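> requesting a structural model of the entry that follows:
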Amino acid sequence: MTTSEPAADQPTLTPLTAPRDGIPEVINTAAALNRAVRALRAGTGDLAVDTERSSGFRYGRRAFLIQIRREGASTWLIDPESLDSLDPLLELMNELPWILHAATQDLPCLHDAGLSPTGLFDTELAGRLAGFPRVALGTMVGELLGLQLAKEHSAVDWSTRPLPESWLNYAALDVEVLFELREKISEVLEEQGKLEFAAQEFEYVRQLPDPVAPPEAWRKLSGIHKIKNRRNLAVARELWQSRETLAQSRDVAPGRLLPDSAIMAAVDHRPNSVPALLQISGFHGRSAKRDAPRWLDAMQRGRNSTDLPDLRTGGSELPNARLWGEKNPQAAVRLTAAREVLSEVSEEWNIPGENLLTPKFLRALCWNPPAIYSAGSIDAALEELGARPWQRDLLSAKLAQALRG
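Numbering: from 1, shown residues only. Prediction:
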């Protein structure tokens, strides 16, 4: 195996200030969409794709801008919110491979719009497999292409209309660099003997189901682990559900209506009037007084509930690894041995441990291992969990030897 790594030098970067074809127009009518699709069909090769969402501002994960570039077809910026139908775009995009950076961030919202690639190249994941310590798009473009890519608009509210010209400039540049970035990172992977690793990872990501909310999503409230009685848990649950319903109806990110810290404070202080509630940090803002009765009603439902949640979930998830020594000492020993193997192979191949094998797969293997520790049985167990062939080739025999020890 070749052990070449990304260069540590920091060359002078050339600022990338504007798209080579100028700032594209925003496609927001059916006629313009048909024109964009015709142009993209006339291009060649894969599609470079990116999205801009409005996380932290709007409810849900939908895309407020879709950026697409194809060789010979320039860059197109699609506004899905303004279009009644994306059908012409679906017919094009769903029959072609895509290049994305951090595909797991973009694919769910694209799937929601009916868009799916036939193949995938993820430049961020490629960077991880190549051993780059930092894999943000701007960083990789700097290291591999010598270009300085501005990222000052990454966290703005992309539901804003009309979109400022500087934002559109930023959005277009994000896809303009992807073709050359793919070429450069592929060269690094080939030199390191990891191109097949990457191909398997890309296909795995392409076929991953989109994340879904757990049955008791309210348990993800920040700080909820501090609640020690079931009645207070019921109050937190009702506040969370009321916030979720209102956020969806107003198309606002839940945290903008009421931060998690405010829910925790309300559970702790137990206000029973609007003035008392409004004294709690977080229950402020333009709509605070108007929404206060809603929050008080939710708290009352929690206090009166006969459906009290358990303090801990009874799901199928394994215990925290820190508790294994008490709950399953033999599994704890296995996990320690397995982690040593993972660390050694990670260092040998210059691949982060979490990319070498999904951590929950390793824990599942050690908690409930096969009856016989052989390379074949470990390989079969890892395959059932979802490990890819390249991962099993590197790890199965060594894990079997470590577990036998």
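> who are the neighbours in contact with the spatially most central residue of the chain?
With distances taken as C-alpha atoms, centre = their mean, Gln105 lies nearest the centre of the chain, 3.9 Å away. The neighbourhood of Gln105, defined by C-beta atoms under 8 Å, 6 or more residues apart in numbering, contains no residues. All C-beta spots, glycine's among them, are computed from the backbone N, C-alpha and C.
> where does it land in three-state SS?
helix (DSSP: H, G, I helix; E, B strand; the rest coil).
> grab the nearest non-local neighbour of Leu13.
Leaving out its chain neighbours, the residue that sits closest to Leu13 by C-beta to C-beta, 6 or more residues apart in numbering is Gln148, at 3.9 Å.
> and the gap between the one you found and Thr358?
Gln148 is 34 Å from Thr358, where distance means C-beta to C-beta, to the nearest Å.
> neighbour-wise, which of these two wins?
For Gln148 versus Thr358, neighbours defined as other C-beta atoms under 10 Å are more numerous around Thr358 (18 against 15).
> now the more buried one: phi and psi?
phi -50, psi 130 (degrees, to the nearest 10).
> now the strands for the stretch 1-150 of the chain?
14-16, 26-27, 44-53, 63-71, 74-78, 98-100, 120-122, 147-149 (DSSP state E, counting those that start in this stretch).
> what about the third one, average pLDDT?
Averaged across strand 44-53, pLDDT comes to 98.
> angle of that strand against strand 74-78?
Put simply, strand 44-53 runs at 40 degrees to strand 74-78, going by axes from the mean of the first three to the mean of the last three C-alpha atoms, to 10 degrees.
> tell me where the stretch 51-200 of the chain has helices.
Assigned by DSSP state H, counting those that start in this stretch, the helices in the stretch 51-200 of the chain fall at 87-93, 103-112, 123-130, 137-145, 165-176, 178-192, 195-206.
> mean pLDDT and distance to Glu152 for those helices - can I get that in TSV?
TSV is the format used below for those (pLDDT from 0 to 100; distance: least, C-beta to C-beta, whole Å):
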stretch	mean pLDDT	distance to Glu152
helix 87-93	97	28
helix 103-112	98	19
helix 123-130	98	20
helix 137-145	96	10
helix 165-176	96	7
helix 178-192	98	19
helix 195-206	98	28
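> nearest to Pro254, out of these?
With C-beta to C-beta as the criterion, Pro254 lies closest to helix 103-112 of these, at 17.3 Å.
> can you pull the buried residues of that closest one?
Ala103, Asp106, Leu107, Pro108, Cys109, Leu110 (16 or more other C-beta atoms under 10 Å).
> the third one and Gln207 touch, don't they?
In other words, Leu107. No: Leu107 lies out of contact with Gln207 (C-beta atoms under 8 Å); the separation is 10.2 Å.
> hmm, back to that, which stretch among the strands of the stretch 1-150 of the chain comes nearest Lys398?
Comparing these by C-beta to C-beta, strand 120-122 comes nearest, at 27.0 Å.
> which strands and helices sit next to the closest one?
With contacts taken as 3 or more C-beta pairs under 8 Å, 6 or more residues apart in numbering; DSSP states H and E, strand 120-122 sits against strand 98-100, helix 195-206.
> strands paired with it, and their directions?
Here strand 120-122 is paired, per DSSP bridges, with strand 98-100 (parallel).
> ok, and what's touching the partner strand?
46-50, 106-107, 117, 119-123, 178-179, 182.
> Ser242 contacts Trp295, doesn't it?
Yes: with contact defined as C-beta under 8 Å, Ser242 and Trp295 form a contacting pair (6.8 Å).
> these two - which one has more neighbours?
Higher neighbour count among Ser242 and Trp295: Trp295, with 26 against 21, using other C-beta under 10 Å.
> which other helices and strands contact the helix or strand where that one lies?
Element membership for Trp295 (DSSP states H and E) is helix 288-304. Contacts defined by 3+ C-beta pairs under 8 Å, 6+ apart place helix 288-304 against helix 230-250, helix 260-269, helix 274-278.
> out of the ones you listed, nearest to Arg128?
Comparing these under C-beta to C-beta, the one sitting nearest is helix 260-269, at 30.0 Å.
> now the angle from that closest one to helix 230-250?
140 degrees.
> hmm, who's touching helix 260-269?
221-224, 226-227, 232, 235-236, 239-240, 243, 276-277, 280-283, 295, 299.
> so which bits of it are buried?
Asp260, Ala262, Ile263, Met264, Ala265, Ala266, Val267.
> for that helix, the distance to its chain's centre please.
Helix 260-269 has its C-alpha centroid displaced from the chain centroid by 28 Å (C-alpha atoms, centre = their mean, to the nearest Å).
> swap in stretch 176-192?
For stretch 176-192, the distance to the chain centre is 22 Å (C-alpha atoms, centre = their mean).
> which residues touch it?
1-4, 6, 16, 19-20, 45, 48, 50, 69, 71, 75, 99-101, 121, 123, 126-127, 129-131, 137, 140-141, 144-145, 147, 149, 195, 197-198, 350.
> export the strands of the stretch 1-150 of the chain to TSV and append columns for distance to Ala381.
What follows is the strands of the stretch 1-150 of the chain, written out as TSV (distance: least, C-beta to C-beta, whole Å):
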stretch	distance to Ala381
strand 14-16	47
strand 26-27	49
strand 44-53	36
strand 63-71	38
strand 74-78	44
strand 98-100	31
strand 120-122	27
strand 147-149	42
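> so which of the ones you listed is nearest Arg312?
strand 44-53 (33.1 Å).
> buried residues in the closest one?
For strand 44-53, by 16+ other C-beta under 10 Å, it's Asp46, Leu47, Ala48, Val49, Asp50, Thr51, Glu52, Arg53.
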